[in-house]
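S.K.: Build me a model:
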Amino acid sequence: MQVITELDLRKLLSRQRWFDRLTGADVEARFRFELSAKQVNLAFERLKGAADQARALIKAMVVERIRLGEEQEALAAAIVYADGLSGARDHADEYLVQRFDRRVANLNAMHAANAMAIEQFKLAENNLTALLDRYSEIASLLIPLWQQHLFTLLHASGRLRRNDPDVASFFVCHSALEEYFVGEART
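M.R.: Numbering: from 1, shown residues only. Take a look at the predicted model:
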C-alpha cells in the first residue's frame, strides 16, 4: 500500500514549468515517477506470488482436513470399542483399568482436538478464499486498467498537463486503487 501512495503524479505535473525544464527538475520528477511506478509493479508481482502461495496453502489445508477426517473415523471406532470393553473391568487389575481409562481419555481428547482443527481448517480456507476473491477482482480489473493508464502517461509525448484526459483517467484509476488498498488495510 505504501508504494501506491508514494506514486504521485501531482509532483510530476508540478515540475512542468519552463524553469523546471531549464534546470532538469522535470527530468528528475519523471525519473522518480517512473521509479515509483516500477516499484508498484514489483509490489503487484509480489502480491501475485502471495496469491499463488495462498492457493497452494488452501490445497494443503484441504488435504490435511481430509486426512484428519479419516483419522476421526478411526478414533471414533476405537473409542466405541473401548467403551464396549467396560464390562470386563470387574475382573481386571485396578492399575491396568486406570491406565486403560487414561488412554481412552487421551483418545477422546485427540478426537476433540481433531474436530476443532478440522473446523479451524475450514475457517482458514474460507478466509483465504475470500482474500483470493478480492485479489482476483483487483488483479483482473483494477491493476490492468491502472497499468494501461500508467503506460499511456509514461509514453506520452511532450508535456503532461492537468487537464489532459489521460492524466484525468490516471487520477481516477489511481485513486480507486489507493482507496481499495487503504480500505483493505483497515479490514
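S.K.: Toward the C-terminus, what is the element adjacent to the top helix by length along the chain?
M.R.: Of all the elements of type helix in the chain, the one with the most residues (DSSP state H) is helix 25-84. Note on helix 25-84: by DSSP states H and E, the next helix or strand toward the C-terminus is helix 94-137.
S.K.: Now do that next one against helix 25-84, angle only.
M.R.: Angle of helix 94-137 versus helix 25-84, following axes from the mean of the first three to the mean of the last three CA atoms, to 10 degrees, is 150 degrees.
S.K.: contact partners of the next helix-or-strand element following helix 94-137?
M.R.: Going down the chain from helix 94-137, the next helix or strand is helix 143-154, by DSSP H and E. Helix 143-154 is contacted by residues 9, 34, 37, 41, 44, 160, 166-167, 169-170, 173-174, 177 when judged by CB atoms under 8 Å, 6 or more residues apart in numbering. Using the backbone N, CA and C atoms, a C-beta is placed for each residue, glycine as well.
S.K.: Now for those residues: which two are most distant?
M.R.: Across those, the longest distance by CB to CB is 22.9 Å; it joins 44 and 160.
S.K.: lowest-confidence helix or strand of this protein?
M.R.: When each helix and strand of the chain is scored by mean pLDDT, DSSP states H and E, helix 9-14 comes last, with a mean of 61.
S.K.: and residue 59, how many neighbours does it have?
M.R.: Here the neighbour count serves as a burial measure; for residue 59 (other CB atoms under 10 Å) it reads 11.
S.K.: just for the protein, where's the confidence low?
M.R.: Per-residue confidence for the chain (pLDDT under 70) gives these ranges: 1-18, 20-21, 157-162, 185, 187.
S.K.: May I have the secondary structure class of residue 156?
M.R.: coil (DSSP: H, G, I helix; E, B strand; the rest coil).
S.K.: Against residue 25, how distant is it?
M.R.: In this structure, residue 156 and residue 25 are separated by 18 Å, where distance is defined by CB to CB, to the nearest Å.
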